[in-house]
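Q: Predicted model and sequence below, questions to follow.
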Amino acid sequence: MAECIFCQIVEGAIPAKKLYEDDHVIAFDDMNPQARVHVLVIPKRHLVSLDDTQDSDSVLLGKLMVVCAKIARERGIVDGGYRVVANTGREAGQSVFHLHLHVLGGRPFAWPPG
Ligand code: 5GP
Ligand code: ZN
């Protein structure tokens, strides 16, 4: 079994509420939501973070963003506005080292982020 928590979710070894799945991407509810809607969109392939990507990942990265937009429409957070976040590295708050985009919406957000 993979050591990475998100690889285990991809394999189905850890349960998650999946909202979207295709050959390369899955999306599921965050287990500790920070807003009314808090979804994680991840590549099935293990990439550590954005810093682990290169030109050949461009299509995959585009797909991740398109899935974020799809989830936002499906969860009804477009009118109020939403945020897509990729915490990259420890000081940015990354705690799971498998690339993921947070889709957050359903409440106002401050800027700059804390
Ligand atoms: P990061 O801090 O790395 O940007 O975000 C990691 C996110 O993954 C956190 O919001 C955390 O709540 C979520 N998370 C960590 N482990 C699990 C898990 O096993 N299942 C789900 N659904 N979310 C998780
Ligand atoms: Zn992984």
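A: Yep, that arrived. None of the values given here were measured: they were computed from a predicted structure. Ligands and ions are numbered 1, 2, ... in the order given.

Q: This protein: strands as residue ranges?
A: Counting by DSSP state E, the chain has strands at residues 18-21, 25-29, 37-43, 82-85, 101-105.

Q: Distance to Ile71 added to those, as CSV?
A: Quick note: C-beta positions are derived from backbone N, CA and C, even for glycine. Below are the strands of the chain laid out as CSV (distance: least, CB to CB, whole Å):
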stretch, distance to Ile71
strand 18-21, 6
strand 25-29, 6
strand 37-43, 5
strand 82-85, 9
strand 101-105, 5
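
Q: could those be laid out in a markdown table, adding mean pLDDT and distance to Ile5?
A: Below are those laid out as a markdown table (pLDDT from 0 to 100; distance: least, CB to CB, whole Å):
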| stretch | mean pLDDT | distance to Ile5 |
| --- | --- | --- |
| strand 18-21 | 97 | 15 |
| strand 25-29 | 98 | 12 |
| strand 37-43 | 98 | 10 |
| strand 82-85 | 98 | 18 |
| strand 101-105 | 98 | 15 |
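
Q: Select, out of those, the one closest to ligand 2.
A: Nearest to ligand 2 among these is strand 37-43; the distance by CB to the ion comes to 8.1 Å.

Q: which helix in the chain runs the most residues?
A: Longest helix in the chain, counting residues (DSSP state H): helix 58-74.

Q: Columns distance to ligand 2 and mean neighbour count on top of the strands of the chain, output as JSON lines?
A: JSON lines is the format used below for those (distance: least, CB to the ion, whole Å; neighbours: other CB atoms under 10 Å):
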{"stretch": "strand 18-21", "distance to ligand 2": "16", "mean neighbour count": "14"}
{"stretch": "strand 25-29", "distance to ligand 2": "12", "mean neighbour count": "20"}
{"stretch": "strand 37-43", "distance to ligand 2": "8", "mean neighbour count": "23"}
{"stretch": "strand 82-85", "distance to ligand 2": "18", "mean neighbour count": "18"}
{"stretch": "strand 101-105", "distance to ligand 2": "14", "mean neighbour count": "22"}
